[in-house]
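**Student:** predicted model and sequence below, questions to follow.
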Protein chains: 2
Amino acid sequence: MPLACQAKITDTPTQISCLQCSINTICFPAGLDLDLRTELYNVLNHPPALERGEVLFRTGATMKGIYAIRSGAIKTYITDENGHEQVTGYYLPGELLGLGALHSGKHFQIAEALESTYLCQIPVEDLNRLSKDHPQIQEQLINLLSKQLHDHHKMVWHLGLKNATSRVAALLLNCSERCHDRGFSASEIKLNLSRQDISSHLGLAVETVCRIFGQLKRDKVIDFKGRQIDILNFDALNEYMGTKMVQKGKIPRI
Amino acid sequence: MPLACQAKITDTPTQISCLQCSINTICFPAGLDLDLRTELYNVLNHPPALERGEVLFRTGATMKGIYAIRSGAIKTYITDENGHEQVTGYYLPGELLGLGALHSGKHFQIAEALESTYLCQIPVEDLNRLSKDHPQIQEQLINLLSKQLHDHHKMVWHLGLKNATSRVAALLLNCSERCHDRGFSASEIKLNLSRQDISSHLGLAVETVCRIFGQLKRDKVIDFKGRQIDILNFDALNEYMGTKMVQKGKIPRI
DNA sequence: TTAAATAATTGACTTATGTCATGTTGTAGG
DNA sequence: CCTACAACATGACATAAGTCAATTATTTAA
């Protein structure tokens, strides 16, 4: 099964048609008539590929459009006055980015590519114009927004977990599930967040994340080489996430 | 200025018209024509008041409609196999509840009243029907969803903060801001979450939350009596939330 | 109103996690 | 291929936060 980071580019990225796109059914899941899809595809454009570290948008920037990730990955973060990053989310192929800015027209976070990333963009003006004429598109948008809101409720839950191990386990399972939902492998995931990114997202120290990764590897719950992670035992990981295991079978200190 | 929990009920709750409702401009902020509003008000209904502890919907339940809180407050939480609660969110007067279930039609969390709570409900069928005919309503819905998504991004940020004090400070400021946005006092807030609720939301122990509350009171950053909180020093609270203060001016242990 | 139950607080002590220091591995650029 | 730099890992130690236990408010129910 292909990994999330290896979604095939079936055409040169600047001219690819969504009609042939392997993930188009994910971006706009269901219920759009072919002619509406075609209309959408006509306004859709493909910004040049982002290289690792390149920024898609910044805090305060005017929203240009909504983005779908075709391949690659994006992290979002905010920075404090001292330039210290705190990662607030990550986005995988097939996922939409920037919806939270629709109501204000301004971005709240910084979005940065974690690896070479190809995007599709629908400019806001086109989206608004199409929306006016086609309730179906709005309906679709409402669905997508609602889905994202649901996912974020889940994330809030995961971040509220009380110990480091359960938070890490939750992150791994969340990534796995999202990969799986998009047709990638659920067990072999490549999350291109650095350990630093992960720790800042979970509110932990880098060292803690490293230690938990190491421990999970020794316990054969996961295996990994760098950022390529292989989940070996989902049940165990689920138990680490849940409160049950947190009480009785804690991870012993090294 | 009235407190969040003291929004005036200007009529008997079961027959109140939104046209006179003091918070209607908050639920559907702008841009709706009067006749559309009227249509909306016609399908809108008022379930009987919820008493403290009563449940509005449960995990897995079919979504009946979307809810706006007229007065009172609601918490959402999920439970693990052992019945242990983890609070994932709270909702104040003027806020909408249940939007995350639109795409699946099923609720993911449990919603429970924190005090006597009056709601408005728009049944999904009516919402769908009106949506089909009136792009304006969809537009409005998209706006509201986007706004909620934005708020949740913020919450994810707050929950990722690394130490207990900054998370508590973030919660207080979040509540304050939301009260303020809705025309209530920003400094005198009544957050009807128990200390237990707060701790579970933030991934902390109850005792830790109590101690931080106590310390903030001794430092004259806040004052409180039970769940009635008075923010005395916003700057200090902001510094506690930010990483700056976390490093140099930590709260000394008692 | 009082009694009982629940929630909040506080202290003493333990432990998970953070911090600092140092070594290792991996990766980008010449 | 080597060098330089960043990412990752691990140990020793410090400390923030958790746990357990006891006490004092606050509700709720009788």
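**Tutor:** Sure, I can see it.
**Student:** hey, let's count contacts and neighbours off CA atoms from now on
**Tutor:** Fine.
**Student:** domain assignment for chain A?
**Tutor:** A:4-136, A:160-248 (automatic domain parsing).
**Student:** quick one: closest of those to A:L145.
**Tutor:** Comparing these against A:L145 with Cα to Cα, the closest turns out to be domain A:4-136 (7.0 Å).
**Student:** how about the closest one and DNA strand D, touching?
**Tutor:** No. Judged by Cα under 7 Å from any atom of the strand, domain A:4-136 makes no contact with DNA strand D; its nearest approach is 9.5 Å.
**Student:** how far off centre is that domain?
**Tutor:** Centroid separation for domain A:4-136 versus its chain: 11 Å, with Cα atoms, centre = their mean, to the nearest Å.
**Student:** is it anywhere near chain B?
**Tutor:** Yes. Legend: contact between domain A:4-136 and chain B by Cα under 8 Å from any Cα of the partner chain is shown at A:80, A:82, A:86-88, A:99-104, A:108, A:131-132, A:135.
**Student:** right, and the pair among those residues with maximum separation?
**Tutor:** A:N82 and A:P135, at 45.0 Å, using Cα to Cα across the residues of domain A:4-136 next to chain B.
**Student:** comparing those two, which residue is more hemmed in?
**Tutor:** A:P135 (19 against 8; other Cα atoms under 10 Å in any protein chain shown).
**Student:** am I right that the more buried one is in contact with B:R129?
**Tutor:** No. Between A:P135 and B:R129 there is no contact under Cα atoms under 8 Å: 11.4 Å.
**Student:** in the helix or strand where A:L127 lies, what's buried?
**Tutor:** Using DSSP states H and E, A:L127 sits within helix A:124-133. By neighbour count on 16 or more other Cα atoms under 10 Å in any protein chain shown, the buried set for helix A:124-133 is A:127, A:130-132.
**Student:** ok, those residues vs chain B, which is closest?
**Tutor:** For the buried residues of helix A:124-133, the closest approach to chain B (Cα to the nearest Cα) belongs to A:K132, at 6.3 Å.
**Student:** ok, now which ones touch whatever residue of the stretch 1-150 of chain A ends up closest to DNA strand D?
**Tutor:** Using Cα to the nearest atom of the strand, the single residue of the stretch 1-150 of chain A nearest to DNA strand D is A:G53, 9.5 Å away. The neighbours of A:G53, taking Cα atoms under 8 Å, 6 or more residues apart in numbering or on different chains as the test, are A:112-115.
**Student:** do that again at 6 Å, thanks
**Tutor:** Residues in contact with A:G53, defined by Cα atoms under 6 Å, 6 or more residues apart in numbering or on different chains, are A:112-113.
**Student:** report pLDDT for it.
**Tutor:** Reported pLDDT at A:G53 in the predicted model: 93.
**Student:** next: A:H103.
**Tutor:** Confidence for A:H103, expressed as pLDDT, is 92.
**Student:** kindly report the residues of the stretch 51-200 of chain A close to DNA strand C.
**Tutor:** A:162-165.
**Student:** one step back: wait, a helix at the residue of the stretch 1-150 of chain A closest to DNA strand D?
**Tutor:** No. Using DSSP: H, G, I helix; E, B strand; the rest coil, the assignment for A:G53 is coil, not a helix.
**Student:** circling back: in JSON lines: the buried residues of helix A:124-133, plus pLDDT.
**Tutor:** JSON lines is the format used below for the buried residues of helix A:124-133 (pLDDT from 0 to 100):
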{"residue": "A:L127", "pLDDT": "90"}
{"residue": "A:L130", "pLDDT": "88"}
{"residue": "A:S131", "pLDDT": "87"}
{"residue": "A:K132", "pLDDT": "86"}
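**Student:** a markdown table please, covering those and showing distance to B:N192.
**Tutor:** Shown next, in a markdown table, are the buried residues of helix A:124-133 (distance: Cα to Cα, whole Å):
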| residue | distance to B:N192 |
| --- | --- |
| A:L127 | 40 |
| A:L130 | 43 |
| A:S131 | 40 |
| A:K132 | 41 |
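**Student:** which residues of the stretch 1-150 of chain A fall in strands?
**Tutor:** If DSSP state E, counting those that start in this stretch is used as the criterion, the strands of the stretch 1-150 of chain A fall at A:55-57, A:65-71, A:74-79, A:85-91, A:96-97, A:110-113, A:118-123.
**Student:** so which of these comes closest to B:N233?
**Tutor:** Across the strands of the stretch 1-150 of chain A, closest to B:N233 is strand A:74-79 (Cα to Cα), at 23.3 Å.
**Student:** for that closest one, give the mean pLDDT please.
**Tutor:** The model assigns strand A:74-79 a mean pLDDT of 96.
**Student:** could I get the contacting residues of A:L216?
**Tutor:** Residues counted as contacts of A:L216 (Cα under 6 Å, 6+ apart) are A:I222.
**Student:** which helix or strand in chain A has the lowest average pLDDT?
**Tutor:** Across the helices and strands of chain A, mean pLDDT, DSSP states H and E gives its lowest value to helix A:243-248, namely a mean of 38.
**Student:** and the helix holding A:L127, what other elements does it pack with?
**Tutor:** If contacts are counted by 3 or more Cα pairs under 6 Å, 6 or more residues apart in numbering or on different chains; DSSP states H and E, helix A:124-133 sits against no helix or strand.
**Student:** quick one, it and strand A:65-71 angle?
**Tutor:** 100 degrees (axes from the mean of the first three to the mean of the last three Cα atoms, to 10 degrees).
**Student:** could you export helix A:124-133 as PDB, CA atoms only?
**Tutor:** The C-alpha trace of helix A:124-133 is given here as PDB (Å, rounded to 0.1, in the frame of the first residue of the first chain):
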ATOM      1  CA  VAL A 124     -12.100  32.500  -2.500                       C
ATOM      2  CA  GLU A 125     -13.700  34.700  -5.100                       C
ATOM      3  CA  ASP A 126     -14.400  31.700  -7.300                       C
ATOM      4  CA  LEU A 127     -15.600  29.700  -4.400                       C
ATOM      5  CA  ASN A 128     -18.000  32.500  -3.300                       C
ATOM      6  CA  ARG A 129     -19.200  32.900  -6.900                       C
ATOM      7  CA  LEU A 130     -19.800  29.200  -7.400                       C
ATOM      8  CA  SER A 131     -21.400  29.000  -4.000                       C
ATOM      9  CA  LYS A 132     -24.000  31.600  -4.800                       C
ATOM     10  CA  ASP A 133     -25.200  29.700  -7.800                       C
END
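**Student:** where does pLDDT dip in chain A?
**Tutor:** Low-confidence segments of chain A (pLDDT under 70): A:1-31, A:243-254.
**Student:** select the longest helix from it.
**Tutor:** helix A:135-159 (DSSP state H).
**Student:** and that one with strand B:85-91, angle?
**Tutor:** 130 degrees.
**Student:** about what we covered before: among the residues of the stretch 51-200 of chain A next to DNA strand C, who's most crowded?
**Tutor:** Counting neighbours by other Cα under 10 Å, A:T165 comes out on top of those with 24 neighbours.
**Student:** many thanks, we can stop here.
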